[in-house]
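>>> Structural data only, the sequence is not supplied:
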């Protein structure tokens, strides 16, 4: 069914909530949610609010009745004293919607997760693989600028590291410069994509897609070769590769944009930009006030405009407010869509101190002027990242950012940088350099998000709630993965009384969906308790809802969320996970959902050079390697 632009506008901004006034007493619903406080809002903070004790009837996977009249049901749940809310939507989550992780996340009320910041590039293959396996909750993803960048540079001379010791190839020790280091899990992906593992073989472009299949793909950033660093394989027989960390040339920029477009055509709902982790990709205009506002950046902003989807960006902190202003000005100019990730944590890490309030004010002003800008934050004081992140690279810069060594914690040992430096008889800088060495350690940075800054952002009208969690196979990691939404409800609606329940529900449902809804008609049927919408529903107790995940033990279920439904099926019932159900769906961007054929990505050697020799010998890789010095 085609949803018109007029209807979409009604849904996202000013809709009158559909109520079943003509409920047939003879209808027997599959599920009836009885006597619950039904809370549902539009994305617009000034829009209508439904907040009333009602009955909700569900038929198959859809909401079929919302009424104060009695309903008959095959399965009736008494929701007296509970809030019946649309399912929570986490538009900033890293990793596949793996069921091992989702069993915790649905207990936090999350019915739809999305990897919008990092994104994916092999969307067609990965999303189809998820569908075949079955999902507990819904999932969608961005087309990835980082993956597009890596695809474009994959024709450069690169080397894989396959020896047991994992030593860097000799030439990198002898050649000063910056290098990107890539690693992949699992070996299955390596074997299918590349076949041979000969020493010094030039790698096909598929190796460089930092996406997630049956394991975690880690992009290890850039390092200086003079450090004589050691590279270690990460298990499962996965090799590693290196490539020069230099800016894209004009031809590579075009190829990166083409690859990003391929991602949109194969299911992406937005364009994900990890600018803070890939700053050297945006260095073609060093004098720019905003390192991300280069010709390459303008290219993907224009691409997003053409496809009516947002750019979702992890910004570069320096110089933050000037850079944000430049980006906002360009987005306004082209009338584009722009979403800024975890605003407080990015705006805090600046030499000028915490600029998050100024950033919130700038974005709220742009929204008030009618521009399609949005932003988000998670309700935790600690950020989490790799020790190799460029913005943490130099310990001498930490005082400018307010970062203290005693507040940097290695996530698995739970020990601070100061503690481990002392144990290992190292200076802080020596210990930190070891943490940065691949595979880089994952860390918490405590007290980076000040409570007053979190409050200012999360209580502002247009800030939506996210987790920024990442799939973990070890039980470690940041507690935000499993407890952000329950924590937000506990802190902001009950204990500190900073927000009403309808306002909090908006920030977890219709508001985050409005960021990406134009890219998918399926997303337009989620996020509200409306007749005809998908029955993604979270039922919580406003008096007891709380996270139990902690920094010390993040792998714990939230409490006070007794029932969760995904597409009309219980995935949590009576405070327990329902076993052996997979009602979740992969949600494709509209280009893929409309049935357009998948685009076959050309290889980098066909695109970057274009020389006749490359076209003639593409199928014969050994011959091409001998003849095409321009490409291999």
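Thanks, I have the structure now. Predicted, not measured: the structure shown is a model, and the values here were computed from it.
>>> Need the distance between the two termini of stretch 498-514.
23 Å (Cα to Cα, to the nearest Å).
>>> which residues are contacting it?
Residues outside stretch 498-514 that contact it (Cβ atoms under 8 Å, 6 or more residues apart in numbering): 12, 39-43, 45, 49, 51, 83, 85-91, 109, 374, 376, 455, 458-459, 462-466, 485, 488-489, 491-493, 523, 526-528, 542. Just so you know, the C-beta spots here come from the backbone N, C-alpha and C atoms, and that holds for glycine as well.
>>> what is the mean pLDDT for it?
For stretch 498-514, mean pLDDT rounds to 98.
>>> quick one: the strands in the stretch 51-200 of the chain?
For the stretch 51-200 of the chain, the strands defined by DSSP state E, counting those that start in this stretch cover 62-67, 72-78, 83-86, 88-90, 93-94, 110-120, 138-144, 159-161, 178-183.
>>> among the contacts of stretch 498-514, which are in helices?
455, 458, 485, 488, 489 (DSSP state H).
>>> okay, these in CSV with distance to residue 324 and pLDDT next?
Listed next are the ones in helices among the contacts of stretch 498-514 as CSV, based on distance: Cβ to Cβ, whole Å; pLDDT from 0 to 100:
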residue, distance to residue 324, pLDDT
455, 20, 98
458, 18, 98
485, 27, 98
488, 24, 98
489, 29, 98
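>>> now for those residues, which pair is the farthest apart?
455 and 485 (17.1 Å; Cβ to Cβ).
>>> Just want to know which of the two has more residues nearby.
Using other Cβ atoms under 10 Å, the more surrounded residue of residue 455 and residue 485 is residue 485, with 30 against 16.
>>> Would you check that the more buried one makes contact with residue 108?
Yes - with contacts counted by Cβ atoms under 8 Å, residue 485 reaches residue 108, the gap being 4.9 Å.
>>> Now do the shared contacts for these two.
With Cβ under 8 Å, 6+ apart, residue 485 and residue 108 have common neighbours 88, 467, 558.
>>> Which residues does residue 51 form beta bridges with?
residue 39 (DSSP bridges).
>>> Kindly report the same for residue 464.
residue 376.
>>> quick one, what contacts it?
Taking Cβ under 8 Å, 6+ apart, one finds 91, 374, 375, 376, 507, 508, 511, 512, 515 in contact with residue 464.
>>> surely the last one meets residue 374?
So that's residue 515. Yes - counting by Cβ under 8 Å, residue 515 does reach residue 374; the two are 4.9 Å apart.
>>> If you count surrounding residues, which of these two has more?
A direct count of neighbours by other Cβ under 10 Å for residue 515 and residue 374 places residue 515 higher, at 29 against 24.
>>> Could you pull up the contacting residues of that one?
91, 116, 270, 310, 312, 337, 339, 374, 464.
>>> For residue 444, see how far away it is.
27 Å (Cβ to Cβ, to the nearest Å).
>>> now swap in residue 508 and tell me
24 Å.
>>> in the stretch 501-632 of the chain, which spans are helices?
Along the stretch 501-632 of the chain, counting by DSSP state H, counting those that start in this stretch, helices occupy 501-508, 510-516, 590-593, 604-607, 612-617, 621-627.
>>> Show me what the mean pLDDT comes to for the third one.
Averaging the model's pLDDT scores along helix 590-593 yields 76.
>>> low-scoring stretches of the stretch 501-632 of the chain, by residue?
Within the stretch 501-632 of the chain, the stretches with pLDDT under 70 are 593-632.
>>> Could you check the chain and say which of its helices or strands has the lowest average pLDDT?
helix 187-194 (a mean of 28; mean pLDDT, DSSP states H and E).
>>> now the strands: where do they sit in the stretch 301-450 of the chain?
311-313, 337-340, 372-377, 383-386, 408-410, 442-445.
>>> Let me have these in a markdown table, extended by distance to residue 360.
Output for these, formatted as a markdown table (distance: least, Cβ to Cβ, whole Å):
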| stretch | distance to residue 360 |
| --- | --- |
| strand 311-313 | 16 |
| strand 337-340 | 10 |
| strand 372-377 | 7 |
| strand 383-386 | 17 |
| strand 408-410 | 26 |
| strand 442-445 | 21 |
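>>> for those strands, which one ends up most surrounded?
Stretch with highest mean neighbour count among the strands of the stretch 301-450 of the chain: strand 311-313 (a mean of 27; mean count of other Cβ atoms under 10 Å).
>>> what's it in contact with?
Outside of strand 311-313, the residues within contact range by Cβ under 8 Å, 6+ apart are 91-92, 116-117, 119, 142, 270-273, 275, 292, 300-301, 304, 327, 331, 336-341, 515.
>>> In its sheet, which strands sit next to that strand, and in what direction?
strand 271-273 (parallel), strand 337-340 (parallel).
>>> Would you list the phi and psi of the closest residue to residue 538 other than its chain neighbours?
Spatial nearest neighbour of residue 538, excluding adjacent residues (Cβ to Cβ, 6 or more residues apart in numbering): residue 109 at 3.9 Å. Dihedral pair for residue 109: phi 90, psi 0, per degrees, to the nearest 10.
>>> oh, and call the first residue 11 from now on, that's how I've got it
Fine by me, first position is 11 from now on; the one you just mentioned is residue 119.
>>> so residue 119 sits right up against residue 96, yeah?
No - taking contacts as Cβ under 8 Å, residue 119 lies outside contact range of residue 96: 9.9 Å.
>>> what do these two both touch?
Shared contacts of residue 119 and residue 96, counting by Cβ under 8 Å, 6+ apart, come down to residue 548.
>>> Could you tell me the end-to-end distance of stretch 351-369?
Start-to-end, stretch 351-369 (Cα to Cα) is 12 Å.
>>> could you give the mean pLDDT of that stretch?
Mean predicted confidence for stretch 351-369 is 84.
>>> ok, now stretch 451-463?
On average, stretch 451-463 scores 88.
>>> Can you work out which residues contact both of residue 525 and residue 384?
320, 349, 474.
>>> and residue 552, how many neighbours does it have?
So residue 552, with other Cβ under 10 Å, has 17 neighbours.
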